[in-house]
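Asker: Fold the following and give me the result.
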Amino acid sequence: MFACIFIPDFSAQAIIRFEPELRARSVAVLIGRPPLEKVVALNERARQSGVEIGATKSQLEAWENLVLRARSESQETSAHAALLDCAQSFSPEVEDTSPGTVLLNLAGLEPLLGPLPKIARDLAQRVYQMGLKANLAVAANPDAALLAARGFSGVTLIPEGREAERLGDLPVDVLLESFSSAAEEAARWVETFDRWGIRKLRALAALPEVPVSERLGQQGIRLQKLARGAAPRSLRVLEPRLIFAESVELEYPIVLLEPLAFLLNRMLEQVCARLSARALAARELHLNLELAATQPNGCASFTQTPTRTRTPKFTRTLRLPAPMLDAKIFLKLLQLDLQAHPPGAPIVKIHLSADPARPRALQSGLFQPVFPEPEKLELTLARIAGIVGEGRAGSVELLDTHREGAFAVRHFAPGEPASAESAPVKPQVKQSGKRKKDISMQENESACELAANTKENAKEEMSAVIALRLFRPPLGASVTVREAKPVRLRCLEREDIVGEIVWTAGPWRSSGDWSEQEGWSREEWDIAVPAETGLVLYRLVQDKLSGNWFVEGMYD
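Answerer: As a prediction, the model looks like this:
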């Protein structure tokens with residue numbers, strides 16, 4: 001059995017999918033340049049109110065409550081991609097028939113998903129959750145399901161062998177619109193069948209095959225088989241491409257971040273719904289904003305002028321620590337990122353995409369500490385970074401250099417705890433009982449001797465160990481030098497660090513990274529300065545490249 005998902009008024013529904021508040025209103029979709037705009041699509045409410053396809057924009061002024069929207073190819077592409085995701089979440093064999101139309105094979109799905117009526121209802125419900133209202137039909141061959149979906153509203157099930165009976169009440173126009181490649185060809189066939197008095201598919205299916213072949217050729221025979229629902233074929237299976245993107249073109253440029261967040265919320269919900277339909281999560285989010293065209297002098301241009309303009313683009317990427325699927329978390333992260341990095345110009349187009357990944361599957365142990373959820377932790381780090389600045393919140397990583405205190409702040413991503421299976425296991429060698437006893441006695445004796453020696457050495461060394469308390473950051477200082485040695489110190493940031501230097505040790509020179517732009521060279525001194533409580537030892541450092549002096553720390 002095969003199922004067909006058909007979205008009537010696809011251009012209108014693609015717009016309504018992004019603007020759900022228009023479901024209860026009459027909507028007309030226009031195409032063309034002003035003032036030659038014409039209606040190319042309507043929703044059911046607009047059709048019931050009397051609006052017709054092909055009407056000009058000036059003719060639509062008679063309808064007060066009619067909502068007019070320009071056709072958006074980007075929104076149609078996103079809506080069709082969502083339809084494909086929905087179909088592929090049910091069956092691996094899916095055919096991309098046309099925009100707004102998808103065929104899928106239901107063979108072998110009944111043991112897994114239930115009887116065919118239940119599968120059809122669940123499929124229609126899944127499409128509705130994607131923001132689209134579809135006609136769905138199930139039949140024994142793909143073309144019969146396609147005709148039924150285009151001709152009947154709601155969910156239709158055609159038992160095998162009764163295709164001609166159920167399809168007989170459909171007008172011939174449905175057949176020609178479904179299987180004619182050009183509008184001129186469809187009009188020619190309609191004129192021919194109208195002269196013959198054929199209005200329904202039942203009348204076309206009842207014609208004798210030989211006269212039809214003589215007058216209409218092989219194309220006529222094919223149309224007759226389609227009208228009978230007796231044209232079996234195989235699906236042109238679509239190779240799945242894991243691309244989850246949503247786009248929207250704005251009628252008016254957006255300047256503030258609040259209306260942008262409102263649009264991003266809808267796009268993120270749609271992306272998450274598509275990812276959820278494929279049992280996937282997002283690993284990275286890519287936001288591409290097309291900004292208003294600017295003149296060479298930097299002024300924004302909102303009107304079409306002969307002056308040469310350039311269209312800048314603004315791109316941001318959010319790398320998540322773990323695959324996530326929460327639209328609210330994504331929206332907050334994007335808001336914090338855009339607050340720290342504003343676009344700087346009005347926005348005219350939004351493109352949002354997600355890199356898919358398998359959801360994380362991790363089971364914590366009973367004796368392991370409880371870690372915060374990656375979603376909440378990422379949001380907390382983003383808020384901290386918004387306060388302290390980018391690059392100031394994360395995990396510290398030591399750099400591969402001899403430079404004192406060189407480190408970098410990386411994006412924090414907690415690693416998965418190592419399992420017990422991955423822990424190294426020491427090989428065990430079987431030994432006799434006597435051998436084990438001798439070895440254990442030798443180990444005990446050596447351990448006692450080692451502990452005694454270590455304790456004695458520690459007592460001797462502890463008397464000479466002193467601690468260096470580093471100042472973060474180092475304190476600027478003014479130093480008087482005589483005969484290449486510092487003789488007087490005055491700290492610029494602390495008044496208590498001042499006085500004559502009565503003892504020095506050093507200097508110890510070090511340098512490196514000469515091949516890089518930020519090379520370094522320093523000279524260290526250990527000095528003693530008198531104080532009220534006695535002598536105080538400091539670590540004094542001079543930056544040889546700049547000539548500045550710093551008090552790096554104090555010895556205890």
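
Asker: In stretch 32-43, which residues are buried?
Answerer: 37-39, 41-43 (16 or more other Cβ atoms under 10 Å). For the C-beta atoms, the positions are set from N, CA and C on the backbone; glycine is no exception.

Asker: Show me how far it is from its chain's centre.
Answerer: Distance of stretch 32-43 from its chain centroid, counting by Cα atoms, centre = their mean, to the nearest Å, is 34 Å.

Asker: Just to check, Phe152 is in contact with Val138?
Answerer: No. With contacts counted by Cβ atoms under 8 Å, Phe152 stays clear of Val138, the gap being 11.3 Å.

Asker: Compare these two (neighbour count), which wins?
Answerer: More crowded of Phe152 and Val138, by other Cβ atoms under 10 Å: Val138, with 23 against 19.

Asker: OK, contacts around that one?
Answerer: By Cβ atoms under 8 Å, 6 or more residues apart in numbering, Val138 lies in contact with 1-4, 106, 116, 119-120, 145, 156-158.

Asker: would TSV of those with secondary structure be doable?
Answerer: Putting the contacts of Val138 into TSV (DSSP: H, G, I helix; E, B strand; the rest coil) gives the following:
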residue	secondary structure
Met1	coil
Phe2	strand
Ala3	strand
Cys4	strand
Leu106	coil
Leu116	helix
Ile119	helix
Ala120	helix
Ala145	helix
Thr156	strand
Leu157	strand
Ile158	coil
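
Asker: would you list those residues in a markdown table and tack on distance to Glu532 and neighbour count?
Answerer: Shown next, in a markdown table, are these (distance: Cβ to Cβ, whole Å; neighbours: other Cβ atoms under 10 Å):
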| residue | distance to Glu532 | neighbour count |
| --- | --- | --- |
| Met1 | 95 | 20 |
| Phe2 | 94 | 24 |
| Ala3 | 90 | 28 |
| Cys4 | 92 | 28 |
| Leu106 | 91 | 19 |
| Leu116 | 93 | 16 |
| Ile119 | 88 | 21 |
| Ala120 | 90 | 20 |
| Ala145 | 95 | 28 |
| Thr156 | 97 | 18 |
| Leu157 | 97 | 16 |
| Ile158 | 101 | 23 |
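
Asker: closest to Lys225 among those?
Answerer: Lys225 lies nearest to Ala145 out of the contacts of Val138, by Cβ to Cβ, at 14.8 Å.

Asker: Relative to Leu136, how far out is that closest one?
Answerer: 9 Å (Cβ to Cβ, to the nearest Å).

Asker: Residues that sit against both of those two, list them.
Answerer: The contact sets of Ala145 and Leu136 overlap at 3-4 (Cβ under 8 Å, 6+ apart).

Asker: At the geometric centre of the chain, which residue sits there?
Answerer: Taking Cα atoms, centre = their mean, the centroid of the chain lies closest to Ala354, which sits 2.4 Å from it.

Asker: what helix or strand is that residue on?
Answerer: Assigned by DSSP states H and E, Ala354 belongs to strand 347-357.

Asker: Give the full set of residues in contact with the residue nearest to the centre of the chain.
Answerer: Applying Cβ under 8 Å, 6+ apart to Ala354 gives the contacts 244-245, 271, 275, 282-286.

Asker: can you give me the strands in the stretch 251-400 of the chain?
Answerer: Under the criterion DSSP state E, counting those that start in this stretch, the stretch 251-400 of the chain contains strands at 281-291, 313-324, 347-357, 395-398.

Asker: Lys118 in helix, strand or coil?
Answerer: Note that with three-state DSSP, the state of Lys118 is helix.

Asker: where does it land on pLDDT?
Answerer: Per-residue confidence (pLDDT) for Lys118: 91.

Asker: doesn't Ile53 make contact with Val39?
Answerer: Yes. Assessed by Cβ under 8 Å, Val39 is found in contact with Ile53 at 5.6 Å.

Asker: and Trp525, which of the three is it?
Answerer: Of the three states, Trp525 takes strand under three-state DSSP.

Asker: got a list of what it touches?
Answerer: Contact partners of Trp525, counting by Cβ under 8 Å, 6+ apart, are 486, 504-508, 539-542.
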